[in-house]
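1. I would like to see how this sequence folds:
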Amino acid sequence: MLSKITLTKFFRVLPWIIILSLVDQATKEAVIRYFNYRGGKLEVTSFFNLVLTRNRGISFGIGGSWYIANMLFATLALILIPFLTYLAAKSTNTWQRIGYILIASGGLGNVIDRLKWS
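-> Coordinates of the predicted model:
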């Protein structure tokens with residue numbers, strides 16, 4: 001059972017997760033626009049280039065072409081985000097709380113990406 005104090009802390013943590021997810025989306029959009037403007041490639045040195053690419057799956061693109069896998073990963077993240085938010089609210093260690101917030105906001109950004117690009 002959630003105590004009133006934990007519930008209050010939960011709703012103090014939640015805006016940070018949402019804000020960081022929006023920052024994540026904005027920076028991704030800025031990078032995509034920048035690379036599209038430059039033809040998808042950025043020459044850093046004569047032997048080192050950055051190239052825009054997308055990974056539609058998990059590690060090394062595994063499951064990227066499977067719609068059901070993308071939705072499964074998104075569902076799993078949606079289940080874990082409230083739990084991580086709860087852990088952040090419950091934590092008494094500031095760095096631990098920040099860690100939970102960053103992981104949860106990254107997960108929310110991942111869910112948005114999977115829904116946006118699937």
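
2. When you work out contacts or count neighbours from here on, use the C-alpha atoms and nothing else.
-> Fine.

3. Identify each of the strands in this structure and give its residue range.
-> In the chain, the strands defined using DSSP state E lie at 41-43, 49-51.

4. Mean pLDDT lowest where, among these?
-> Ranked by mean pLDDT, the strands of the chain end with strand 41-43 in last place, scoring a mean of 85.

5. Identify whichever of the strands of the chain lies nearest to residue 74.
-> The minimum distance between residue 74 and the strands of the chain falls on strand 49-51, with 26.3 Å, by CA to CA.

6. looking at the strands of the chain, which is buried most?
-> Mean neighbour count (mean count of other CA atoms under 10 Å) peaks for strand 41-43 among the strands of the chain, with a mean of 13.

7. Direction included, what does it pair against?
-> Using DSSP bridges, the strands paired with strand 41-43 are strand 49-51 (antiparallel).

8. now the farthest one out in the chain, which residue is it?
-> Distance from the centre of the chain peaks at residue 46, with 32.7 Å (CA atoms, centre = their mean).

9. Return the helix or strand in this protein with minimum mean pLDDT.
-> strand 41-43 (a mean of 85; mean pLDDT, DSSP states H and E).
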